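this one's sequence-less:
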């Protein structure tokens, strides 16, 4: 079968477009869209994007995205609420509230604390109170994604034209309406002309009777029957049967002088009407002028402002536009709690200081990973089993320094046996970029960044790992850099990235570092062939140093490397390395959650085969577990 689904429009806009089309039959569809920007639904809300409208108006078919009108309202205690004031066309409010409740119960949306319907005669008002740690824009985006707060409306402008179904574009459907109105006005005018001529014909007879009043009265009085009188009137005064009948039915009161004037006045008025009707029927332009005049009267009487707001594609409700771009310190604990905090919360201190409270953790938990990323960046999460998950930094809950954060399993659909082991911050996915991965056992792998641009909710394979191995580090490159791997026992190896061929996602990689049985890779840096900058090395007991990167000569991939730092008991094993410059600030964190921020230029630059200096005063049972560079 065939179906039609034409959305409601704004009456005033339609009339303006019709008048424009009448005045300029060659007007384009896009010019008509200046008068009719799109459908106008009685429920208001938003039409999300213009492409669907353009397609519908140019082809007769298209899909519109409709969104509820919602805004974020601040409450006491720094909490926020989402207020819904308008719903998409034909969305049932009660069913929508039921769906939101189901999503909260199923934990598909976790940031909602309460849901209330405060609607009254003044309009819709649905209040969604959020939890303290919830990000309002993220919850709103989830509501659009999972509920009827965002729906599609399929436009099918199908109409019966000349007895056949036809799919019409915007201009064609307006032309058909104008054709229809022309037909209606032509028929109406022809009908009014016929009625006016019939009435004028009767008035002509009455007027003739008034002109010969005495003779007609005498004739009627002498007639034996009404039929005889009618016959005499027709023959004597040259009247038609209709006129004669009207004279016989005329009341005596119409014989007065006043009634005589009324008959003459009505007759003259009818003659003018008849002339006008004939002109209209003979001139199409007059019909079009009547259509315009009647349309203007309708607009004046019934026109009202547009209710549905159309959002341009360049200004669509982009979540990124609502979020300030700034650097965030992202931390993840050993037990899988994650949070982000503004980098500005961590003030710079002198090296060797005690630090400030960074995070309160349980006795059996500690911060295991720490890195810095922009709120607009993507985070690729690489797990212990080699899978990759995808998340935006702004989707990570924001907390203060001393708060542990939120369980990562609530943000990512991680199986119980998987654990996050490495991360990569990506501004955007593009060709010519590569992901380089290093494993604990010294394997190295390079793949195209585009291979990781569309992860599924349950993750994708990032690298195959042999039993007992795990992913240690990932980095983004342009394929022309050098790779520097560093081990826990103070060794390092540098080789050209070109020595590692590009592989697919479902591969294991190649040997990058020949390690002793008690050693393991703890860090990887991508360095420029021009040897700029310095390499910061940090040990578990809080010692570290900087060394010129030029001191690490390139060699063949798969070698045993050279000494990076001495690792006597005072230092302990190496826990992290970072490529830094004098302008960089650094954050170190220990297993008790204490952090320190120091400037890179406060750390001396010394040779490779040295012990370094104290960077972080760790206490008994404390170990440094992470280091991050602030941009």
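Received, thanks. These numbers come from a predicted model, not from an experiment. Residues are numbered from 1 along each chain as shown.

So for the helix ranked longest in the chain, mean pLDDT?
Assignment by DSSP state H gives helix 170-211 as the longest helix of the chain. The pLDDT scores in helix 170-211 average 94.

Helices of the stretch 301-450 of the chain, residue ranges please.
Remark: no helices are assigned in the stretch 301-450 of the chain by DSSP state H, counting those that start in this stretch.

Flag the shaky bits of it, pLDDT-wise.
Applying pLDDT under 70 to the stretch 301-450 of the chain flags the ranges 313-324, 334, 345-368, 401.

What segments of it are strands?
309-311, 327-333, 337-342, 356-357, 367-374, 378-383, 387-392, 406-407, 420-426, 434-439, 443-448 (DSSP state E, counting those that start in this stretch).

quick one, which of those is nearest to residue 67?
strand 309-311 (8.0 Å; Cβ to Cβ). (Each C-beta comes from the backbone N, C-alpha and C, glycine too.)

what are the pairing partners of the closest one, and which direction each?
With DSSP bridges as the test, strand 309-311 is paired with strand 46-48 (parallel).

Distance of the residue lying farthest from the centre of the chain relative to residue 229?
Going by Cα atoms, centre = their mean, the residue of the chain most distant from its centre is residue 222, 92.5 Å out. Separation of residue 222 from residue 229 (Cβ to Cβ, to the nearest Å): 9 Å.

overlap in contacts of these two?
Common contacts of residue 222 and residue 229 (Cβ atoms under 8 Å, 6 or more residues apart in numbering): none found.

circling back to that earlier point, just give me how far the longest helix of the chain sits from the chain centre.
Distance, stretch centre to chain centre, for helix 170-211: 54 Å (Cα atoms, centre = their mean, to the nearest Å).

That one - contacts with which helices or strands?
helix 11-23, helix 29-32, helix 51-59, strand 158-161, helix 241-249, helix 257-282, helix 284-302 (3 or more Cβ pairs under 8 Å, 6 or more residues apart in numbering; DSSP states H and E).

Give me the helices and strands touching the last one, please.
Going back to what we said before, that points to helix 284-302. Against helix 284-302 (3+ Cβ pairs under 8 Å, 6+ apart) you get helix 11-23, helix 170-211, helix 257-282.

Repeat that for the longest one.
If contacts are counted by 3+ Cβ pairs under 8 Å, 6+ apart, helix 257-282 sits against helix 170-211, helix 284-302.

Can you check what angle separates the last one from helix 257-282?
Put plainly, it is helix 284-302. Here helix 284-302 runs at an angle of 110 degrees relative to helix 257-282 (axes from the mean of the first three to the mean of the last three Cα atoms, to 10 degrees).

which of the residues in helix 284-302 are buried?
Applying a neighbour-count criterion of 16 or more other Cβ atoms under 10 Å, one finds 287, 288, 290, 291, 295, 299 buried in helix 284-302.

Could you do stretch 175-193 as well?
The neighbour-count check on stretch 175-193 (16+ other Cβ under 10 Å) flags 175, 176, 178, 181, 182, 185, 189, 193 as buried.

Could you let me know which of those residues ends up closest to residue 93?
Nearest to residue 93 out of these is residue 176 (Cβ to Cβ; 36.1 Å).

Can you name the residues that contact that closest one?
Contact analysis of residue 176 by Cβ under 8 Å, 6+ apart lists 159, 161, 168.

Same question for residue 468.
Residues near residue 468 by Cβ under 8 Å, 6+ apart: residue 441.

Assumed it was part of a strand.
No - judged by DSSP: H, G, I helix; E, B strand; the rest coil, residue 468 forms no part of a strand; its state is coil.
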